[in-house]
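Peer 1: Okay, structure incoming, though there's no sequence with it:
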């Protein structure tokens, strides 16, 4: 059974930093694209960052517009971990952050989500 468990959320002051972690189990981790999304209260879930399956020549990373330059996604395939380093946090970054892993099989995507971790940016 594929499972993702996020950790590292909490309360941080504006301008501060947090590092979220996502532990994966039950999957061939290196075959999966990984991503972070977030959902603020009363709003739709939005993309934070996505990292496709690494290859010898490509390791495509994409960020949501408001996260560029402040957030960094990374992965450790040996440990089956995904990380999100968040710097220069703003109150509008307050949301539940979700980790996901996706693989394409027989022409369709299979996506697993974690339970989420709350990030609150406030003074």
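Peer 2: In hand now; what should we look at? Quick caveat: nothing in here was measured; it's all calculated off a predicted structure.
Peer 1: Pretty sure residue 49 sits in a strand.
Peer 2: Yes - if the criterion is DSSP: H, G, I helix; E, B strand; the rest coil, then residue 49 is within a strand.
Peer 1: after the strand of greatest length in the chain, next one along is what?
Peer 2: Identified as the longest strand of the chain according to DSSP state E is strand 95-105. Next in sequence after strand 95-105, counting helices and strands by DSSP states H and E, comes strand 108-113.
Peer 1: Give the other helices and strands that the very next helix or strand once past that next one contacts.
Peer 2: Next along the chain after strand 108-113, taking DSSP H and E as the criterion, comes strand 117-121. In terms of contacts (3 or more Cβ pairs under 8 Å, 6 or more residues apart in numbering; DSSP states H and E), strand 117-121 is packed against strand 10-12, strand 18-25, strand 95-105. Just so you know, the C-beta spots here come from the backbone N, C-alpha and C atoms, and that holds for glycine as well.
Peer 1: Any idea which of those gets closest to residue 76?
Peer 2: strand 18-25 (9.8 Å; Cβ to Cβ).
Peer 1: mind listing what's buried in the closest one?
Peer 2: 18, 20, 21, 22, 24 (16 or more other Cβ atoms under 10 Å).
Peer 1: I'd assumed residue 6 was in contact with the second one.
Peer 2: Yes - the pair residue 20 and residue 6 qualifies as a contact (Cβ atoms under 8 Å) at a distance of 6.2 Å.
Peer 1: Now the common contact residues for these two.
Peer 2: 97, 99, 117 (Cβ atoms under 8 Å, 6 or more residues apart in numbering).
Peer 1: Neighbour-wise, which one of those residues leads?
Peer 2: residue 99 (29 neighbours; other Cβ atoms under 10 Å).
Peer 1: Tell me the pLDDT of that residue.
Peer 2: pLDDT, residue 99: 97.
Peer 1: contacting residues around it?
Peer 2: 4, 6, 20, 22, 34, 35, 36, 82, 113, 114.
Peer 1: Quick check: the farthest pair among these?
Peer 2: 20 and 113 (14.1 Å).
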